[in-house]
Every structure is written in structure tokens, then in C-alpha cells.
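Novice: got a sequence here, can you model it:
(chains A, B and C)
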Amino acid sequence: MEEKVLTRHFGLENFYKIEVYLKQGGYQAVKKALLEMKPEDVLAEVKKANLRGRGGAGFPAGVKWGFVPQKVQKPRYLCVNADEGEPGTFKDRYIMAHIPHQLLEGIIISSYAVGIHSAYIYIRGEYEAIAQRLEQAIAEASVKGFLGQNILKSGFDLDLAVHRGAGAYICGEETALLESLEGKRGHPRLKPPFPASVGLFQSPTVINNVETIVNIPVIIAQGADWFVQKGLPKDGGTRIFGVSGAVKKPGIYELPMGASLKEIIYKYAGGLPEGRTLKAVIPGGMSAPVLTAEEIDIKMDFESLVAANSMLGSAAVIVIDDRTSMLQVLKTITKFYSHESCGQCTPCRIGTSWIHKIVTRIAEGKGEKDDLETILRLASNIKGKTLCPLGDAAAMPILSLTQKFSKELAAELPN
Amino acid sequence: MAKILIDGKPLEVTDGLTIMKAADSAGIIIPRFCYHPAFVPEGSCRMCLVEIEGLPKLELACSTVVRDGMKISTGSENVVEARRGVLEFLLAEHPLDCPICDKAGECTLQDYYEGYGRYKGVFQEFKEKREKKLVLGKSLALDRERCILCTRCVRFLTEVTKTQELGVFKRGVRSEIGPYEKEPVDNNYSGNLVEICPVGAITDLDFRFKTRPWFLNTGESICPLCSRGCNIYIDYLPGFARQEETKKVLRIRSRENLRVNGYWICDLGRYGYSRLDQNRWEEPAMYQAGKRIGINWDKALIVLAEKIKGLVIRARTARIAVLAQTYLTNEELFLLRRLFRDDLRVERILFVDPPQGTGDELLLTADRSPNRRGAQEIGFDLNLPTLEAATQGTELLLVFGSFLHDRFDLAGVKTALEKVATKFLFTPRVRDHNALFDFVLPTAMTAEKSGSLTNFEGKVQKFGPALELRGESLPEWRFLVNLGKELRTNYRYYNQFVSPKEIFREMVKEIPFFEQDR
Amino acid sequence: MSVELSPQTKKKIDELLVHYPKKEAALLPVLHLVQQEFGAITREEEQLVAALLNVKPIRVREVVTFYTMLRQERQGRYLLQVCSNLTCTLAGSERLIDYLKRRLGVGVGETTPDNRFTLSTVECLGACDQAPCMMVNLDYHTGLTEEKIEKILEGLK
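Specialist: Numbering: from 1, shown residues only, chains lettered A, B, ... in the order given. All right, here's what the predicted structure looks like:
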């Protein structure tokens, strides 16, 4: 069994309380970073570790931090993306519930590296219980002097607040998150400019996923080389895979970057329940193009999945069995995106709803023979043409599903 | 400077310009809905996507800044496909309202479908049903089914008037634009929303169902209702043979002028067009013993010239007084100066302008006439006189304009005028005080003249007539030229003035301020 | 008729405002607190929040109508939010929604006559490994079966 890095102490009782956390060596990484290292050195170490973003986009964290201009006379901000809205994804909920202090450690070290003195955890509103746990952890950490002014007498100040979202998947997109954090509708912004130069309150901002941030203390404590070695050369560290759907043991599984999808499903998640066979797998959260049962012999890392015309995304594996109607899956998928579209740009606003209307009509038995062709064409007019990635996130599963299961779907239509 | 290629055409463009601005400057039209040069680019309609060599995805022209060496295609297969896609999406949820929609004929959606669409529609689902006539304020109606959510209206009220009456509510395809409760869009620039709405979502109740744009003729003019000098279009029905419609102005629109009014006009100027058609004084007349008798211009001219000559011979031109106002053009004011002040040595050239109003921070000025600055530069004192000063010791009074009744009460005017032996009124309007004069002669309004006006900032604007002269009316400059010729003291001088152009040339010689090359 | 905040809520708001350079940025957290106290963000609450954060009421309404968790109308005492997303649907959430409809005698989006329960569906709650799931107000209930739902409903007085 590979050594667990992040989930090591998930079973430990009360590990979310600072006393227990400190006993296990917690906050040593903060001490090392703030008292023994210069911010540039912390940044260099994170870059060397080849830590790619764990939210879905997979952008190297160290490189992103490097984009923040240091000479600009504006405050800088860190936003931790805890919006976790990608269907099938629940890893961040576990992380924040079990190791909130490791998240705080990561926030402190990251802020130190980039010269940030104000940080927010943008957490989805539904995670109220988790938000309270985080606030509790922040209170504990503040009392112990790990947050606030002059942390550990290093001269470094950091203010950290929990900011609740209110039920909008789009706010997981980084610029929509910023808009929401500014008290507005979650409408994504045009890029460029990128948040690293113009972000929260028009100031340079770093946005990272929860899982990305909790890896930071590990990198500082163990070193970048160790971290890289836990994963792949260009893709350091472990990944927390979420598995749900038609498996015997749904849940989170921490494995090295590049773990085998087949193993994840059959070895770790126990395979499918009795009497069921595999029909399809969504490998990286609902937005990732679907894989057929024949396509699951694949390594779960960014490059391998792109090569298979899918994506690692949030590493949320959804297993679909032979009893499931792909038409129903398509209907659920299109319902989601049309409900969550922010409505700003034409293709996503109208396209997602139009496709959902077509699929619903087919499901009611009123399909027309050109419907699939229309769906493919509309989805192609959404893909790559929208203001933000939600359009692609909608178009890709619709395209892959309609193409790979065209026979099954066509059977619902008149000849 | 950046050297780029758009559709194979080389262009040199200032650094920092967007593709859209570069294309616009070169006359290459890239279609757009949400983009408007007055606002920060929004990038939400996706209609302006263009192909840039070397980039994998199509990029927005409105927000992509040009870089040296960029090769842009606005008509490649991918671009054509993308545009069709956007149109197809918009029209899918758009109601088939063209037959009853005021925007038909000047609708971007229609125009773009003709240019970039022309596909077979396949949408057969249920369209979202929404409110079709939400009254937004004094003159606006919102049709939510037609709205394409370009948010130009919301952004106008946020970025320009900063009054924020409209917002976007709900999410996704259910998104809708609207006011807060029943609070009206109640600012002096609301009419601009109708112009910037690319489709028939925001329409003008003032224009509703009156006509079709293709029946309208358009003339260009300057709005005279304040001293900003906003550039306008006047849309009018030219009138049809054998139909009851007579020539009628139906609408005023803003005309872009980045030096003067930018892209907008205020509601005062936009909705005040009924004064052009209603209550117009169109025939020369005289009043004898309380009765109105029709005459012609020649007769009036001769009578006036005789009166003046009589006073000249007796060295009594001090008994002449002129009441003018600053709706008169630069040329007309210059003629007044030349003829009355210089030639006739008339000292009392006094000004009765409309009362001041309240200006706002955008366009409307407190001064409510268009040429006060022009009158100042030509050398007149614009302080409001007393009726005494105008009529005491006055044998011949010439009044240009119709604002006496706005600055003095009618009874006072009547009493004062009774002291004057001969009174001429030159006015375009039917007003109560007209009957107090001996001769009432019809003049043209600004929209029917040519000439120039000087706005409060000192910008001189030349303009031509947007509308034809009504009835027997004449622009004041033509009458003054005729009077100058009739008086015979300086015939050759006045005879050169066949149009305001020659007057302006003379004016520049004497008053260098008007030599504006900007 | 205007509404007034309880001193506890006022205190919580004052505490969180400290973290934002601009008051209006705290709109979402403030709306959560106000909704918890008053049950919904109706016109009165909109005006209250607008005055508190120095924004126009229209901006508040724009935000309230955008986010799923913010409501303009008061719901039943217990808002049942059943996940209808992919994994939960694969695990049979549609059947459970039908069950709740029959059991409570309401449709989706409707409230029982005694104002006790409002039934609604929501998108992914992030607990897919324990599908099917629902939220009751702000509490998670996972691994649902008809029996489990019965027990939960009983406990909600």
C-alpha cells in the first residue's frame, strides 16, 4: 500500500482540533517557512515540486504564483476555492472536515510566499457545517498566534476569513468566484487580464483549490524532490480520487498521480455490485468526457487523459453500470448545466437549455430523427465559443456521450 | 504602432487598440450586439468572434488588443459558422414579433440574419414565455421575450447616468432584465436606451406603432434647446400624395459627435419635437385694429425699410430698438451687428432669452438657448433688459423670437408695447403676444435653417436644413440680407450673401474667434 | 414596515465586516445571516441589507435572484432539498422524490398545508459517495432510503 500523504491521519479522532494536530507535528511547516525561509525560496520550492492545480484545470501552482507582480503598490489576495460544485466531487469536503489546520497551514505558507496579507476561503454555502469547522480552526489558530499580526514574531501578518457562497456552480470558476466574493452575481470575467494581475478588488490575486493548498505544507516539510517522487516527474504528489456511482465502496482514495483507473474502480472501490457490468465511466467530474467500458485501461494523470480525449479534472470517478439509460444520464447532465449557466453569454445561456429541451422531449418519446445531429451541432457551437469554461464543461460530456452512445440514443428516435 | 492584417488588408494601428476598433477605423464591419464604444467591452454576445492565425480558438474582436504581426480573418469558415451559431441561439428563444415590433427595419438581429444567417431553423421546443410590455418609465416599454441580454441598457444606466435603475435578475436562460419593483427609469437620458437596444426589447412608447422606419426620411441638425449643441437626426414622414398624412416629424435620434455630445442626447431634446410641427406661425400677417390681415414679405419689407429710412433721415435711429435671442445663428447675429449696430448705429440691441433651467453633469446646460456664446463672441451684451429700456422712446421695435412671454407677464408686455409706434415680430410660433404686434412674420426654426451655432464650450458647429421651410416662413438671415439690400446704403456688401456660407466668410474676417479649424 | 436585526445578528455582521475592504463585498455572508433570521430576503430585508452595506436595493435583488440558496419567499419550516444530480439519480433519488411527493402530498416547489415541509430538488451536494442525499435546511442527510427518510421526517417537528 503506497504511503498516504494527505489522508494519513483521516482516521485520527479529533484531528481537526489544534491540540491533536499540533501533537502530530502540525504547524512545523509554517515555522520552517516563516522563520527559516525567504518568500522567494518557498515559491521556488513549490515550483520545483511541479504541483498542478487540483481543482480541475491543473495549472502549475508555483507558476501561477509567479505571475503575481511584486512591484505593484496594491494589496494582494489569496482565495481558496472551496466551492466544490463539480458533480461527483466530494474530496474537498473530506479534506476540510478532517484536516482543516493543514489547510490553514497551506494558506499561511502560500500567502507568505507571494506577499499576501488577506486571504479568503470561498466555501460553497451548502457546506455550512464545514464552514463552521473552518471558523473554529481559524479561531484556534489565531489564539495560538498562527494567524493575525506578526505571526510567530516573523513580522508577517495574515487575515483569513471564511466566505460562504450561496448555491451557484459557476462560482467555482475563478473569476466568477471573485465577482461573488465582491458581493455580486457570479458572472465570469473576460480573461485577459488574469487574476494574478487584476483579481479581487482589482488587485493581484491567487486562486487555488483546497487540495492544492493542503499539499503546500507537505512540500515545505518534506521538500520538492520528495514530493515529485510521490507522483510523476512533471506532476508531483498524490491525488485524492473520489469514486461514486455503481461501486461497492464509494469514497475517497489517495493514490499517486498516474494511478490506474481500472485499479481505482476494481481494486480500491471494490468493483461493481453483484450482477452488474460496467457500461461507462466519467473520470474527472461530470465535465470530463465519458469513457466507455473498453476505454478504462488508462493512467489517471493530466496528460494520459488528454490523450484519451477526456480530462483528469477534479479526479472524481463516476461509475455507470449496464442498468443505466444513457438517455437519462444525458438528461441529468443537460439539466445541470442549463440550471447552472450564469446566463451571460449567448451560446451557454441558450444552448444548454435548448439541448436539455431536446433531450427531455426525446425522453418523453417525442424524439425526431435529426435530434442527435442537432444536439451535436449545438454543442459544437457552445464548445470553445463561450466566455468561460462552463460552456466547454457542458459541451464536452454532451458531445462525448452523444457520440459514443449514439446507437443507444438513436434507438429512442423514429427512423 | 502595430502592423496587422485584417482579411488580407494591411493596417497600421495605434498600440493598445482592440481588433474591433481597428476594424471600425478601417471600415471593416465586425457584427456585434453587446459591444458599444461608450462602454467597457462586455464580451457576452459572442457575435464578434474572429479568427487569429496561430491561435487555437476564435477570439473576441471587442476585447482582444492588436499585436504587431497579427493576422486576423473576419470571414473564415470558422467565423461564419460561429456567427451562424450565435444567431441560431438568439433566434431560438426570440419571439416571431417582426410584424408587430417597432424595431423592424432597423433591427440588428434582422440585419445580421440577412447578412450572416439564412439557415433553416430547427428549433421546435417551447420558448420561454415572458412579460411583453413592462412600462419602464415615462416613455419606455420593455419586452422581455425579445431581450437578448446584451445588457447595454443596464450598463448605460450604470456607466453613463450612474443611476442604476435596471438590473439583471435570476440566472441562465431564465435571466431577465428589469427595474426595481415599479421604480421607473426616471432620468433625463432614458430615451437613449431605445437607441442602444439592438433589438426591439426596449421601445419608445412615444413612437409605438406610429410608422415603419423605412417610411421615414432623415435630416441632420443641431438641437437648439440648450447650449450644448447636441447633434441630432430628425426622422420625419415626408408626406404622401392622396393621404392625410402631412409632413410630420416623428422622432429625434442622437447623432454621434465625440467632440460635442458623444453618443447621447437628453430627453428634453429628444422628445421636444412637437414644437416643430405644432403651433407654427406660417404666413406673414399684419394686425390692424385688432384684425389680422394677410400680407406678403415684400410688402412687409418695404414698410420696414421706409420706416427705417425715415428715422435715418431725421437722425433718429436712437428710436429703433431690437430685441433678439440666442436661437439666432452666428450668421444672423453677425447681420444684426452689421446692419443695426454698424450701419444704422442702433445702440439698443437687447436680448430676451428663455429662462435658465438646471443643468446636469452630462449634457444638458443651464442655459436653454443654443448660441449665447456666439452672441458674446460677436460682441453683444446678453443681460436681460427691462421692458422700459426696450420700449421707452422707441418708435420702431423689431422683436426676433418669441420669449417675451416667458420672461415678462403678458399684461406688462401689452402696456409696454402700446408705447411703441411700429412693432415687428419675427417668430416661428403661435403665441399669445403675437397679436400685440403690428406685423408678425414667420421665421424658420433651427431644423429648417442652415448656418452655424457656437456651443457654450466655444465649439462652432455648421449645419444645414433637416426639414423644408413651412408655409411662407423664411430664415432670419435671408430677411436681414434682403433688408440690407433694400436700404441701399451698402447694397454690394449684402448682395454677396446668397447663403450663410458667404456670411460666415465675412464674419471670420472681422471676428477671428470663428476661424476654427478643429 | 421595516425590519430590524437582532443584536446577535448585528454583532456577527459587525465582526465579519472587518475582513472586507469594501462593505458591499460582504453581501453574501450578510444575506445568509439575514435569511437565517427572517426566513427569506423579501423587500423589507432587501432594503435593510442595502442600507447596511451602502448599495442600491436593486443590486441586492440581483444577487438574491441569482443564487439558489437565497430565497425571496418564506418556505416551510423545513426545506427538503433532494439532490437530483447524476450520482444520486443513478442511486435512485427520483424514486425518493416521488415517495416524498406522495408522502407529503405536495409537488416539487410546494409547501405542506401545515407549513412544515417544502419539497425542492437541488444539484450536486458534494456527498456523492453516500448517494442518494438531501439537505434539510442546512443539515446533510445521506445514504437515503424510504425508511431513513421516514425517520428523518419524524424527527422534524
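Novice: got the phi and psi for the most centrally placed residue in chain B?
Specialist: With distances taken as Cα atoms, centre = their mean, residue B:232 lies nearest the centre of chain B, 2.7 Å away. As for residue B:232, its main-chain torsions (degrees, to the nearest 10) stand at phi -130, psi 160.
Novice: so what pLDDT did it get?
Specialist: Residue B:232 carries a pLDDT score of 98 in this model.
Novice: now do the same contact list for it.
Specialist: B:220-223, B:252-255, B:265, B:269 (Cβ atoms under 8 Å, 6 or more residues apart in numbering or on different chains). All C-beta atoms are positioned from the backbone trio N, CA, C, and that covers glycine.
Novice: rebuild these as a markdown table, extending it with distance to chain A.
Specialist: Formatted as a markdown table, the contacts of residue B:232 follow (distance: Cβ to the nearest Cβ, whole Å):
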| residue | distance to chain A |
| --- | --- |
| B:220 | 34 |
| B:221 | 37 |
| B:222 | 38 |
| B:223 | 36 |
| B:252 | 32 |
| B:253 | 27 |
| B:254 | 27 |
| B:255 | 30 |
| B:265 | 30 |
| B:269 | 34 |
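Novice: in helices, which of those fall?
Specialist: residue B:269 (DSSP state H).
Novice: list buried residues within the contacts of residue B:232.
Specialist: For these, a neighbour count by 16 or more other Cβ atoms under 10 Å in any protein chain shown gives the buried set as B:221-223, B:252-255, B:265, B:269.
Novice: identify the farthest-apart pair in these.
Specialist: Greatest spatial distance among these (Cβ to Cβ): B:222 and B:253, at 13.4 Å.
Novice: so who does residue 345 touch?
Specialist: Answering for chain A, as no chain was given. By Cβ under 8 Å, 6+ apart, the contact set of residue A:345 is A:386-388, A:391, B:43-46.
Novice: sorry, I should have been clearer: chain B.
Specialist: If a contact means Cβ under 8 Å, 6+ apart, then residue B:345 has residue B:317 as its contacts.
Novice: who are the neighbours in contact with residue A:170?
Specialist: Per Cβ under 8 Å, 6+ apart, neighbours of residue A:170: A:176, A:186-188, A:340-342, A:388, A:390.
Novice: drop anything exposed from the residues you listed.
Specialist: So, by 16+ other Cβ under 10 Å, the buried ones in those are A:176, A:186-188, A:340-342, A:388, A:390.
Novice: now those residues as JSON lines including distance to residue B:306?
Specialist: JSON lines is the format used below for those (distance: Cβ to Cβ, whole Å):
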{"residue": "A:176", "distance to residue B:306": "81"}
{"residue": "A:186", "distance to residue B:306": "81"}
{"residue": "A:187", "distance to residue B:306": "75"}
{"residue": "A:188", "distance to residue B:306": "79"}
{"residue": "A:340", "distance to residue B:306": "86"}
{"residue": "A:341", "distance to residue B:306": "81"}
{"residue": "A:342", "distance to residue B:306": "79"}
{"residue": "A:388", "distance to residue B:306": "81"}
{"residue": "A:390", "distance to residue B:306": "84"}
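Novice: which of those residues fall within helices?
Specialist: Short answer: the buried ones among the contacts of residue A:170 in helices (DSSP H) are A:176, A:340, A:390.
Novice: my guess is the first one contacts residue A:184, does it?
Specialist: No. In this structure, residue A:176 is not within contact of residue A:184 by Cβ atoms under 8 Å, at 9.5 Å.
Novice: domain-wise, how is the chain divided?
Specialist: Going with chain A. A:18-229, A:238-320, A:326-410 (automatic domain parsing).
Novice: let me rephrase: I mean chain B.
Specialist: Domain segmentation of chain B under automatic domain parsing yields B:2-92, B:98-204, B:285-514.
Novice: do the same with chain C
Specialist: Recorded structural domains for chain C (assignment: automatic domain parsing) are C:7-66, C:78-155.
Novice: hmm, the shortest one in reach of chain B?
Specialist: Yes. Residues of domain C:7-66 are located near chain B by Cβ under 8 Å from any Cβ of the partner chain, namely C:43, C:56-59, C:61-62, C:65-66.
Novice: for ChimeraX, write the select line for the buried members of these.
Specialist: Selection of buried members from the residues of domain C:7-66 next to chain B for ChimeraX, criterion 16+ other Cβ under 10 Å:
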select /C:56,57,58,59,61,62,65,66
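Novice: residues contacting residue 40?
Specialist: Since no chain was named, I'll use chain A. By Cβ under 8 Å, 6+ apart, the contact list for residue A:40 reads residue A:113.
Novice: oops, wrong one, chain C.
Specialist: Residue C:40 neighbours (Cβ under 8 Å, 6+ apart): C:71-75.
Novice: all helices of the stretch 201-350 of chain B, in order?
Specialist: Secondary structure of the stretch 201-350 of chain B, counting by DSSP state H, counting those that start in this stretch: helices at B:267-270, B:274-277, B:297-313, B:330-336.
Novice: these: which one's closest to chain C?
Specialist: Checking those against chain C by Cβ to the nearest Cβ gives helix B:267-270 as the closest, at 21.0 Å.
Novice: chain A versus residue B:178, what's the distance?
Specialist: 14 Å (Cβ to the nearest Cβ, to the nearest Å).
Novice: A strand includes that residue, no?
Specialist: Yes. Counting by DSSP: H, G, I helix; E, B strand; the rest coil, residue B:178 is found in a strand.
Novice: hang on, the earlier thing: who does the residue nearest to the centre of chain B form a beta bridge with?
Specialist: residue B:221, residue B:254 (DSSP bridges).
Novice: could you list the low-confidence segments of chain C?
Specialist: C:1 (pLDDT under 70).
Novice: try it again with 90
Specialist: C:1-3, C:157 (pLDDT under 90).
Novice: where do the strands sit along it?
Specialist: Ranges of strands in chain C, per DSSP state E, are C:78-83, C:117-122, C:134-136, C:139-141.
Novice: and these: which comes nearest chain B?
Specialist: strand C:117-122 (13.8 Å).
Novice: what is the orientation angle of that closest one with strand C:78-83?
Specialist: Interaxial angle, strand C:117-122 versus strand C:78-83 (axes from the mean of the first three to the mean of the last three Cα atoms, to 10 degrees): 30 degrees.
Novice: ok, strand C:117-122 near chain A or not?
Specialist: Yes. Counting by Cβ under 8 Å from any Cβ, contacts between strand C:117-122 and chain A involve residue C:122.
Novice: that strand packs against which elements?
Specialist: Applying 3 or more Cβ pairs under 8 Å, 6 or more residues apart in numbering or on different chains; DSSP states H and E, one finds that strand C:117-122 contacts strand C:78-83, helix C:93-104.
Novice: hey, which of these is tucked in deepest?
Specialist: strand C:78-83 (a mean of 24; mean count of other Cβ atoms under 10 Å in any protein chain shown).
Novice: give me the contact list for that strand.
Specialist: Counting by Cβ under 8 Å, 6+ apart, C:88, C:93, C:96-97, C:100, C:116-125, C:127, C:131-137, C:156 sit against strand C:78-83.
Novice: what about residue B:426, which SS state?
Specialist: Under three-state DSSP, residue B:426 comes out as strand.
Novice: ramachandran angles for the residue in the stretch 251-400 of chain B positioned nearest to chain A?
Specialist: Nearest to chain A, among the residues of the stretch 251-400 of chain B, is residue B:263, at 22.1 Å (Cβ to the nearest Cβ). Per-residue torsions, residue B:263: phi -110, psi 0 (degrees, to the nearest 10).
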